[in-house]
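Colleague: sharing a model prediction with you, sequence too.
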Amino acid sequence: MRVTFPHMGNLWISLKAMLTYLGVQVIVPPPCNKQALQAGAKWAPEFACLPLKLNLGNFIQAREMGADTIVMAGGCGPCRFGYYAQVEHVILHDLGYNYQLVVMEPPEKHIGELLQRIKYITGQNSWWQVMQGIRFGFRKACLVDQLEKRAFYLRPREKRSGSTDKALQEALATVDAASNWRELEQAKHQAMQRLDEVKTVQRPVLRVALIGEIYTLLEPFANLELEKRLGEMGVEVDRSIYLSEWINDHLFLGLVRGMRSSKAFSQAAAPYLAHFVGGHGQESVGSAVYYARQGYDGAIHVLPFTCMPEIVAMGILPRVSQGTGLPVMSLIVDEHSGAAGVQTRLEAFVDLLARQKRHKGAFA
Amino acid sequence: MKGFLGIDVGSVSTNLVFLDDDRVVQHVLYLRTQGRPLQTLQEGLKKLSRLLPPKTVVRGVGTTGSGRHLAGVMVGADVIKNEITTHAVAASAAVPGVQTVLEIGGQDSKLIILRHGLVVDFAMNTVCAAGTGSFLDQQAARLNLPVDQFGELALSATSPVRIAGRCAVFAESDMIHKQQMGHSLSDIVAGLCRALVRNYLNNVAKGKPLLPPIVFQGGVAANAGMRQAFAEILGQEIIVPPNYHVMGAVGAALLAAEHALSGVPSRFKGFKVAQHSFATGGFSCHGCPNNCEIVEIREEGQIIARWGDRCGKWSQELDSGCGEVEKIS
Ligand code: SF4
């Protein structure tokens, strides 16, 4: 069994860690790139959203590298994501790619359901080992998030342009290479140290929150490297979703204490949107309220074209913006998104925020 | 003569303007880009240098438009700014106190909202084809009308028909249908203008408050039918500034003039770059599975800029020296 899974930002580091820890052979597809998108967009229904198209592309590329089993998350509720795994599987089958499919649904009642499916892939391992594997993967997810957050701080302040990115890539590679707990501890120190080497200068910085749909937020290829572009413009970003938080919320049912939870976002949404609309629509609205309270200068709402829950959120966000005074810009992405158009929108938005802040005399 | 150069390189047109020391527009060039931004810009520079007196000193250069970075490295720009900012700056200079800027060009439409001279909100529409200049051009061609008569014809309409303007495809088929039903051409053309204005208001403005003074600019502002449709639907006076079709370039030049006030000497490489051989090339890097597509610009065979790499391997190899960057400007 050679297992593959779709890309979503740095998710692969954590999933690969968990599976290899348990002795499963893993095939990581090439990072999302043009070829993957072209292959996916060619076979996907036109009105499917960008995540489905990229998933398909990942699977097609992974199959060519010898993968034979797909591990994929499932979901429930009005968002189409819930049946993506099945749809993708059928499309791949029609193309003659024979794949086994294992869907990890978020456990509805008991974490045992999830463990069962993991057990299917990990076969011989004892339950205790499986738990260790999950812990190991989760630990890497936490570490990756920590490194990304550090990069968010450094990028707008770096002395030499591009130095943060370089350091981050090297740090992530160090984390990826660690194959047991002892190595992981060393990797943590090395990775943090590598980021600390980035030279910074004092300069005015804007704070912008990235909110919206999870896939397009986490996958830099899908959002045309939003975090990097903004960082280069002198913007410190924060993301409303980090992988480790998402895992804790949805797979561990909040078992790990002391982590930010999207529940806070749903609650913050109350004055504008008091009920579930599928996917993360409610959280998107709530996160805007949350970041407004945190004193952020603006928020960028990212969503895939045709994403229903986020379109609902997009319709409500102007009111949130009016109510809280937080400027919000929506950015819809699909396979037709052009880098030049996105860059112009971002520059204009940042320009606008910078001028407002300067006007208020609020630049430190 | 001394002055400032503004360059707007867009996908449809490449515009150059020259402002004198008092920031008065002296020369305006409007050229079709035709997919060859570098050559078009060089051609523009040649033409402009012939129009200017021999001892002209360029004190600053600004670039804008989707080709702003390309144009910027080519001529040695002092400021490189996006279209929203440059259009807002130009509109404020033409109509002090302007609060709303409607901008409809060949490929996209924009809306800029200002208060006290500052941009407070903006919106752009680049995906939908209806409501852009090229759609109007197409329809004029289909009806066998020269574009300049198109707008005039709309003004003579007695009872404009209602055209479905939500999407270019529907608008076109609805127009054909109305033609077959025997409506007069002027009523159909006026109906189309209104449909496009409604489309703009629904898709770009999306209920944002459009307060006066309202400035209408971009190539489509030349169309009298569109001007009237905006005035009627918004119930406001619509002001079209003198250089309405090259406001991006004017704004870029004004920003360059502002920049020159700080006393920094211009980086302008001179009109001689029009004679240099420039070439853009590209390749895909296979250094890692990202397979980035790298774009290169060469001047006289020498690579002067590169972009498109995710890891910085190619672009950073070039920035000699410290590579310190200016952020938030
Ligand atoms: S430019 Fe860098 S990131 Fe892009 S393919 Fe080459 S090595 Fe990979």
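Modeller: Okay, I see it.

Colleague: please name the residues that touch the most centrally placed residue in chain A.
Modeller: The C-alpha lying nearest the average C-alpha coordinate of chain A belongs to A:Leu218 (CA atoms, centre = their mean; 2.2 Å). Residues near A:Leu218 by CB atoms under 8 Å, 6 or more residues apart in numbering or on different chains: A:Met8, A:Gly9, A:Asn10, A:Leu11, A:Arg239, A:Ile241, A:Leu243. For glycine as for every other residue, the C-beta is placed from the backbone atoms N, C-alpha and C.

Colleague: phi, psi for residue 25 please.
Modeller: Reading this off chain A. phi -80, psi 130 (degrees, to the nearest 10).

Colleague: correction: the question concerned chain B.
Modeller: Dihedral angles for B:Val25 - degrees, to the nearest 10 - are phi -70, psi 120.

Colleague: right, and it touches B:Asn15 too?
Modeller: No: distance between B:Val25 and B:Asn15: 11.4 Å, which falls outside the contact criterion (CB atoms under 8 Å).

Colleague: of these two, who's got more company?
Modeller: It is B:Asn15, of B:Val25 and B:Asn15, that has more neighbours when counted by other CB atoms under 10 Å in any protein chain shown, with 25 against 19.

Colleague: can you give me the offset of the helix or strand where that one lies from its chain's centre?
Modeller: Element membership for B:Asn15, per DSSP states H and E: strand B:13-20. Centroid separation for strand B:13-20 versus its chain: 11 Å, with CA atoms, centre = their mean, to the nearest Å.

Colleague: partner strands of that strand, with direction?
Modeller: strand B:2-9 (antiparallel), strand B:25-32 (antiparallel) (DSSP bridges).

Colleague: show me which positions of that strand end up buried.
Modeller: Neighbour-count burial for strand B:13-20 flags B:Ser13, B:Thr14, B:Asn15, B:Leu16, B:Val17, B:Phe18, B:Leu19 (criterion: 16 or more other CB atoms under 10 Å in any protein chain shown).

Colleague: out of the strands paired with strand B:13-20, deepest packed?
Modeller: Mean neighbour count, computed with mean count of other CB atoms under 10 Å in any protein chain shown, is highest for strand B:2-9 among those, reaching a mean of 27.

Colleague: what's the burial count for the closest residue to A:Ala171 other than its chain neighbours?
Modeller: Once flanking residues are discounted, A:Ala171 sits nearest to A:Ala191: 3.7 Å by CB to CB, 6 or more residues apart in numbering or on different chains. Neighbour count for A:Ala191, taken as other CB under 10 Å: 25.

Colleague: just the element for A:Ala191, please.
Modeller: Per DSSP H and E, A:Ala191 falls inside helix A:181-196.

Colleague: kindly report the same for B:Thr63.
Modeller: Assigned by DSSP H and E, B:Thr63 falls in strand B:57-64.

Colleague: check contacts around the closest residue to A:Ala141 other than its chain neighbours.
Modeller: Spatially, and ignoring its direct neighbours in sequence, A:Ala141 is nearest to A:Ser14 (3.9 Å; CB to CB, 6+ apart). Taking CB under 8 Å, 6+ apart, we find A:Ser14 in contact with A:Gly137, A:Phe138, A:Lys140, A:Ala141, A:Val144, A:Leu243, A:Ile247.

Colleague: do that again at 7 Å, thanks
Modeller: A:Gly137, A:Phe138, A:Lys140, A:Ala141, A:Val144, A:Leu243 (CB atoms under 7 Å, 6 or more residues apart in numbering or on different chains).

Colleague: contacting residues for A:Leu19?
Modeller: A:Val3, A:Val26.

Colleague: one more pass at 10 Å, please.
Modeller: A:Val3, A:Thr4, A:Phe5, A:Gln25, A:Val26, A:Val71, A:Ile118, A:Ile121, A:Thr122, A:Gly133, A:Phe136, A:Gly137 (CB atoms under 10 Å, 6 or more residues apart in numbering or on different chains).

Colleague: okay, now the unreliable bits of the stretch 101-250 of chain A?
Modeller: A:106-111 (pLDDT under 70).

Colleague: redo that, cut-off 90
Modeller: A:101-131, A:134, A:160-162, A:203-204, A:246-250 (pLDDT under 90).

Colleague: near the ligand, which residues of it?
Modeller: Within the stretch 101-250 of chain A, no position lies close to the ligand (CB under 6 Å from any ligand atom).
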